[in-house]
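**Student:** Based on what follows, work out the 3D shape:
(2 chains)
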2 protein chains.
Amino acid sequence: MSKVNSIKVIPLGGLDEIGKNITAFEYNNEIIVVDCGAAFPDTDMYGVDLIIPDISYLLTNSKKVKGIFLTHGHEDHIGALPYILKQLNVPIYGTSLTIGLVKAKLIEHDMLNDCTLNIVEDGEIVDIGKIKVEFIRATHSIAGACSLAIHTPLGIILHTGDFKIDYTPIDGRIMDLQRIGELGKEGILLLMADSTNVERKGHTISEKSIGETFMRIFNNVKGRIIVATFASNIHRMQQIIDASVNYGRKIVFSGRSMERISEVAKDLGYLHIPDGFTVSLDDIDKYENNKITIITTGSQGEPMAALARIAFSTHRKIKVEKNDMYIISASPIPGNGKMVSKVINELFKQGANVIYEDLEDVHVSGHAYREELKLIHTLAREKYFVPVHGEYRHLKHHKDLAKSLGIDGNNIFILQTGDVFKITEDGAKKEQRIRTGNVYVDGIGVGDVGNIVLRDRRNLAQDGMITIVVAIETDSHEIMAGPDIITRGFVYAKESEELIQEIKDISSEQVESCLNKNIYEWYVIKANIKQSVERLIYEKTKRRPSIFPVIMEI
Amino acid sequence: MSKVNSIKVIPLGGLDEIGKNITAFEYNNEIIVVDCGAAFPDTDMYGVDLIIPDISYLLTNSKKVKGIFLTHGHEDHIGALPYILKQLNVPIYGTSLTIGLVKAKLIEHDMLNDCTLNIVEDGEIVDIGKIKVEFIRATHSIAGACSLAIHTPLGIILHTGDFKIDYTPIDGRIMDLQRIGELGKEGILLLMADSTNVERKGHTISEKSIGETFMRIFNNVKGRIIVATFASNIHRMQQIIDASVNYGRKIVFSGRSMERISEVAKDLGYLHIPDGFTVSLDDIDKYENNKITIITTGSQGEPMAALARIAFSTHRKIKVEKNDMYIISASPIPGNGKMVSKVINELFKQGANVIYEDLEDVHVSGHAYREELKLIHTLAREKYFVPVHGEYRHLKHHKDLAKSLGIDGNNIFILQTGDVFKITEDGAKKEQRIRTGNVYVDGIGVGDVGNIVLRDRRNLAQDGMITIVVAIETDSHEIMAGPDIITRGFVYAKESEELIQEIKDISSEQVESCLNKNIYEWYVIKANIKQSVERLIYEKTKRRPSIFPVIMEI
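**Tutor:** The predicted structure follows:
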């Protein structure tokens, strides 16, 4: 019996969630992985620094995995690499900027020498066996972005990666729509396309328009100009530089990732600064204020980033001055709006001027709007469609959009992380799910904080904790010391002495009552203490602190 | 020497912050208070249910306080009343809907009989002595909203309250712009005006336009219609009802505040439902799906509100059905976007249809845009101006707006909560600050959770806690038991046995080393344990759990 050839598409992250993009493509004995991103924790994932995907499936099939192919260098597409490569060391492929950013990351983790990095030019095809991966130039809010055409014996899969269609990109390197058209003519089996902005009507504005806004704003500024933006947005950086050079301003980079990425981008020829226009932060005082532009991190209001430190006067070098013009050239990512607003308020309070998205067009999106998505579908004329990059609402609307363009609704599949989507010559379907999920990074630890630890942290956060310690003599079963009460995050102990005394009393009573009844199982005594203290506290305060009874056997 | 007459304006909350609106106006021996709002906690104020203002100043001057005058019935203007009235029981004044909502609140707190509530018609003047307070009809996203003209011997203070200018309000009761013009002609000493939307160009859209959208959407729905909106937005409710009646749909109210407020509004004649069109949630099954509209709470995605409970299948009565049409008729308040998105995703996943602000015009703002603000300044032609309601960025932009309309910049004062702003015949200035601030409500407790308790909660949340208990014999100074380790929210203890053992060992060492050196001060021993365990853990995990050493004296 001959084996049926099939392609499996397995999102290991990034579907029906934001960030952590990683998808496996499997053809018989070959697996390639597209992207390897991290996600940032929700506010109630206390103490978690980063979320990376669970790649159990890849580890189980590690012999098959031929490489990881990166569409571009954003954190949600490359951020998990240092952690994943420790578990599964396979070759990495990407354009020179993408690989440059990965390199910087691997150096930080002191693991560059153990990894195989391959630079691919757009237009090139990487041949790894039955599967061949073609890099197709795309436009996005980072330079060096690509869509991927994955050529398989069953047909072509086109994965757009994150993209927008910018007809006038800063580097002149427009998206290779011709190639997509050509592949479409040839026949695209499966399209996977960015859904982030499917709810937005019309067409994104070109990055170039921001440059015109900068020129106009810069023209009237008498003091320093401080622009906060995403460190990875090299094109934005270039436009800030161009406007600065035009007005004779020197450029200062501030913030660790801004310094690092601008360095990488300059070295690789993505960023162009005329000689003599770069100034180090330490030399900033040698120049007049109206001859300085500072490009800084912190556009999301992050409390530890440079912009917030400037605003709240904790920056080691930069203090707010009256004639400063701050430009926040970014949109707040959902959830960050309040932090950004705090920084804006503080800058205004100190007398500076601040321009942000609500006031001027100082930011454009990097993700295609509806009309751009329509274009891609029209060029691709795919047989099957899987919307990617977005929450369920976006995937659902992208499905509706594709249907409105004539794609058969039965050929459109909304997948979730962990689904196995299988295409054979006979058709396509969702199969069984495989194990996936969130792995939490907290400090050095990877995966040692899980849902139970997070639940405990949430409980502790809610109403604090009370530890009740009693020492009991093993033989005589007498209380030797205590109960002692340690409490944090519940009430001010000093102002609640009466309540603390009641907790002591009720704990004593419980212990003695148990001992009198010859109950010597510590866990029973502890359960009794816990229950009665919980009841007392809830009655008196309507709160539920975490209660930890401890019995010391003497 | 004759005493100089002065008016003091003292914001006790609500300036340079969102919510918690309360302002004192003092003329010699009379104080009136405008509004008495609560604020909602930031996400890092763990366990806090509500924030109310610190009214120390009013308590110190309690004999002078003649009453609290309410502009309208939103939580950020009336929410602190039950707590404040317990400290300072003075008469309350407001329009009938506002007082109706206050009443419901006081009944919940079982204190209605102890309070004096006065219903004032718009147009009426309350005479409390030298100060007279005139209620002027305004339009806002709640019915019964008023601006207040505070007549004093030194001149008129016009406080707009929250407002927008709606020329075609649902109840036909347009804002009394004529009266504001008349007062302006007479001479307005001080204007205090809503700054919330000063960053938005143009003019708000009339509430009425939403009704047209509802009519259009309702026309095509085959199943149930479920609209989530703010319970206090009576006009929105009325429009949902009107569209439902038009299409022969019965109306069901779902969610505690929706049921309560619709009841109050019906009783007071603010809400009109034809006989036989109200159906209780328990009778919903008696009607065809296409004959039902449910008006529900939860438009902010709040996990415990009705809409989220419907979406996540925990609602006692309503399950999502395929042909359901959900309409979220509200904007997410900053910080709530992610929660709303979760609910939308879940509803889509279950096959329902969902319409929200990104897709259709199903919400309008209740706060004046720039052109409306210009109108108010032009009618008022105030001498002094204090922008209110907004963060600093909004106050600052409102100041700039007023200047652009010809108000002297020296006569515009940006105040902060706690500032004393004093006007005499000779001029106006900011004086010394008085004590104000946040009082946290947590469970029953009011004010017993402060910044230290919150800091402890944040520390506990970040990396959990480790308690280390040792029992020491008092006379012999020998370790009798322990160290025992209790940990929560740090790591899985079972998977980290080695680390826990190291913590035990290092704690033992510290205790013994102290005892060997004849150090018997427990606080010294505890400090040593804490420090060495902290160091160990940070080295091994890069985390900083809270560490609590306990020594039991036997």
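**Student:** Go through chain A and flag its longest strand.
**Tutor:** Secondary structure of chain A per DSSP state E: the longest strand is strand A:479-488.
**Student:** what packs against that strand?
**Tutor:** Using 3 or more Cβ pairs under 8 Å, 6 or more residues apart in numbering or on different chains; DSSP states H and E, the elements in contact with strand A:479-488 are strand A:465-472, helix A:497-516, helix B:451-463, strand B:465-472, strand B:546-553. Using the backbone N, CA and C atoms, a C-beta is placed for each residue, glycine as well.
**Student:** Could you dump the ones you listed into a markdown table and include distance to B:P11 and mean pLDDT?
**Tutor:** A markdown table is the format used below for the helices and strands packed on strand A:479-488 (distance: least, Cβ to Cβ, whole Å; pLDDT from 0 to 100):
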| stretch | distance to B:P11 | mean pLDDT |
| --- | --- | --- |
| strand A:465-472 | 37 | 90 |
| helix A:497-516 | 35 | 88 |
| helix B:451-463 | 21 | 87 |
| strand B:465-472 | 39 | 90 |
| strand B:546-553 | 37 | 88 |
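**Student:** what's the closest of the ones you listed to A:I486?
**Tutor:** strand A:465-472 (4.4 Å; Cβ to Cβ).
**Student:** now that closest one, how far from the chain's geometric center?
**Tutor:** Chain-centre distance of strand A:465-472: 41 Å, with Cα atoms, centre = their mean, to the nearest Å.
**Student:** pLDDT of stretch A:381-400, averaged?
**Tutor:** Averaging pLDDT along stretch A:381-400 yields 96.
**Student:** quick one: buried residues of it?
**Tutor:** Using 16 or more other Cβ atoms under 10 Å in any protein chain shown as the test for burial, stretch A:381-400 gives A:381-399.
**Student:** So in that sheet, which strands flank the longest strand of chain A, and in what orientation?
**Tutor:** Looking at strand A:479-488 with DSSP bridges, its partner strands are strand A:465-472 (antiparallel).
**Student:** Save the helices and strands packed on strand A:479-488 as JSON lines, and put in distance to B:A138 too.
**Tutor:** Below are the helices and strands packed on strand A:479-488 laid out as JSON lines (distance: least, Cβ to Cβ, whole Å):
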{"stretch": "strand A:465-472", "distance to B:A138": "48"}
{"stretch": "helix A:497-516", "distance to B:A138": "46"}
{"stretch": "helix B:451-463", "distance to B:A138": "37"}
{"stretch": "strand B:465-472", "distance to B:A138": "51"}
{"stretch": "strand B:546-553", "distance to B:A138": "50"}
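**Student:** coming back round to it: of the buried residues of stretch A:381-400, which are in range of chain B?
**Tutor:** A:391-393, A:396 (Cβ under 8 Å from any Cβ of the partner chain).
**Student:** Closest one of these to chain B?
**Tutor:** A:Y392 (3.9 Å; Cβ to the nearest Cβ).
**Student:** Quick check: closest non-adjacent residue to that closest one.
**Tutor:** Residue nearest to A:Y392 in three dimensions, not counting chain neighbours: B:N345, with 3.9 Å by Cβ to Cβ, 6 or more residues apart in numbering or on different chains.
**Student:** Torsion angles phi and psi at that neighbour?
**Tutor:** As for B:N345, its main-chain torsions (degrees, to the nearest 10) stand at phi -60, psi -40.
**Student:** Wondering if stretch A:315-328 reaches chain B at all.
**Tutor:** No: contact between stretch A:315-328 and chain B is absent, the nearest approach being 11.3 Å (criterion: Cβ under 8 Å from any Cβ).
**Student:** distance between that stretch and the chain's centre?
**Tutor:** That offset, for stretch A:315-328, works out to 28 Å (Cα atoms, centre = their mean).
**Student:** What of stretch A:44-61?
**Tutor:** Worked out by Cα atoms, centre = their mean, stretch A:44-61 lies 12 Å from the chain centre.
**Student:** So for B:H140, which of the helices and strands packed on strand A:479-488 sits nearest?
**Tutor:** helix B:451-463 (33.0 Å).
**Student:** Pull the residues that contact the closest one.
**Tutor:** A:46-47, A:442-443, A:457-458, A:460-465, A:488-492, B:44-48, B:440, B:489-490, B:543-546 (Cβ atoms under 8 Å, 6 or more residues apart in numbering or on different chains).
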